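Asks: heads up, no residue letters with this:
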């Protein structure tokens, strides 16, 4: 962003006194720092600094020192730069004195820092671009609204909507009543997102009490769309907090209810025409090869798409979370769905990611699989009709340990994500997994302590 643009923003928003500089870490958690108004121009022209170790944090927000980018290198600072087009007001601050900008991290002035997931996606987009296609791309986010108050047992519970005495307690997918009950929240999310130039357009009630899905408009700029998904998650959380609720993108907050996913939609365009279009999309060779590539990398990239121990609780049959390496037309039981609609709207819906994935990494997985499939003419298995859960198909890992191990079996992962990044990811995720596994749960105390 130029000095002129920054100057114009400040002139148009004289009440802004503080600017939040935001960056997404390895887990997709937004971190950063605040600066005062008079530093904004300098930050946008010269950048600012954060420790590189911010890209090696575990779920507790603690640096994983085994990563080698913490104290081993003196907890060295790295250059960060704001992303053009992301400087906006923060509407949920009633005083109107707050702005924000999304940022990314660099090794030096012109080279991205290997540990920044956004830079991983930048590199993936460059490799994908060699195919010579434009694209259509969109992101769907599922999440739960949760009451800040726990129930009598100390468990989480759905909220009670404003002006209502009824707590959501049943699965009413696509319920208009539920949307009406939470219209105050939905309207605020949509309007706040638009104020921040984030094109959220549709909200639906999903498969469980308090679960919703929000869609971003279909666009042609992949990197911009993923930036917007990071910002949209922050909008949703902030608006929920405004109304005394929490919003969670945890993959499986309720064991008895559906999990939350992040679905990615992709079509390839040539001279403005959809290259996936066909009377029978399952017979379009380009689309078949793209899906063949995605399924051939499903095992080795699953640890990116299911990044926490909780992610694998989502991967249970009959909950519309893919458990097998499958694809099909208008079928929500498979991993790669070809949605119904007109020929010109033919696209791949990638359904494997949990809502807890880092969207930058999930999108890099999508581009890697599609590119490898097309370049190497990889054929997929037969398209699935009917319920994939009741059929015999190759399964993906049902636990984080196996997923992390399978990542190392595929040299294409290093080619797309970089050896340094793969090593960093492995180190951080194994450390985090051990942390979760080394906990004694209440169930163990209840069932084992009195009798064993």
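Replies: Thanks, I have it. Treat the numbers as computed from the prediction; the structure is a model and nothing was measured.

Asks: Quick check: closest non-adjacent residue to residue 272.
Replies: In space, and not counting its chain neighbours, residue 272 is closest to residue 134: 7.9 Å by Cβ to Cβ, 6 or more residues apart in numbering. C-betas here are computed from N, CA, C, even on glycine.

Asks: Kindly apply the preceding question to residue 151 instead.
Replies: Nearest non-adjacent residue to residue 151 (Cβ to Cβ, 6+ apart): residue 157, at 4.6 Å.

Asks: Pull the contacting residues for the one you found.
Replies: By Cβ atoms under 8 Å, 6 or more residues apart in numbering, residue 157 lies in contact with 146, 147, 149, 150, 151, 167.

Asks: Show the pLDDT at residue 277.
Replies: With respect to pLDDT, residue 277 has a value of 94.

Asks: Was I right to think it contacts residue 343?
Replies: Yes - the pair residue 277 / residue 343 is scored as a contact, 4.3 Å apart, by Cβ atoms under 8 Å.

Asks: follow-up on the earlier one: please tell me how far the residue nearest to residue 151 sits from residue 144.
Replies: Relative to residue 144, residue 157 is positioned 11 Å away (Cβ to Cβ, to the nearest Å).

Asks: thought residue 233 was touching residue 141?
Replies: Yes - with contact defined as Cβ under 8 Å, residue 233 reaches residue 141; the gap is 6.7 Å.

Asks: Overlap in contacts, these two.
Replies: residue 249.

Asks: related to what we said a few turns ago, of residue 277 and residue 343, who's got more company?
Replies: residue 277 (19 against 13; other Cβ atoms under 10 Å).

Asks: which ones are touching that one?
Replies: Residue 277 neighbours (Cβ under 8 Å, 6+ apart): 284, 343, 344, 346.

Asks: neighbours around residue 202, how many?
Replies: 12.

Asks: For it, which non-adjacent residue is closest in space?
Replies: Using Cβ to Cβ, 6+ apart, the nearest residue to residue 202 is residue 215, at 4.4 Å.

Asks: Parallel or antiparallel, which strands does the helix or strand that that neighbour is a member of pair with?
Replies: In the assignment (DSSP states H and E), residue 215 maps to strand 211-216. Counting by DSSP bridges, the strands paired with strand 211-216 are strand 134-147 (antiparallel), strand 200-205 (antiparallel).

Asks: Tell me which of those sits most buried.
Replies: strand 134-147 (a mean of 21; mean count of other Cβ atoms under 10 Å).

Asks: Counting neighbours, what do you get for the residue nearest to residue 305 when sequence neighbours are not counted?
Replies: Of all residues not flanking residue 305 in the chain, residue 353 sits nearest, at 4.3 Å (Cβ to Cβ, 6+ apart). Look at residue 353: counted by other Cβ under 10 Å, it has 30 neighbours.
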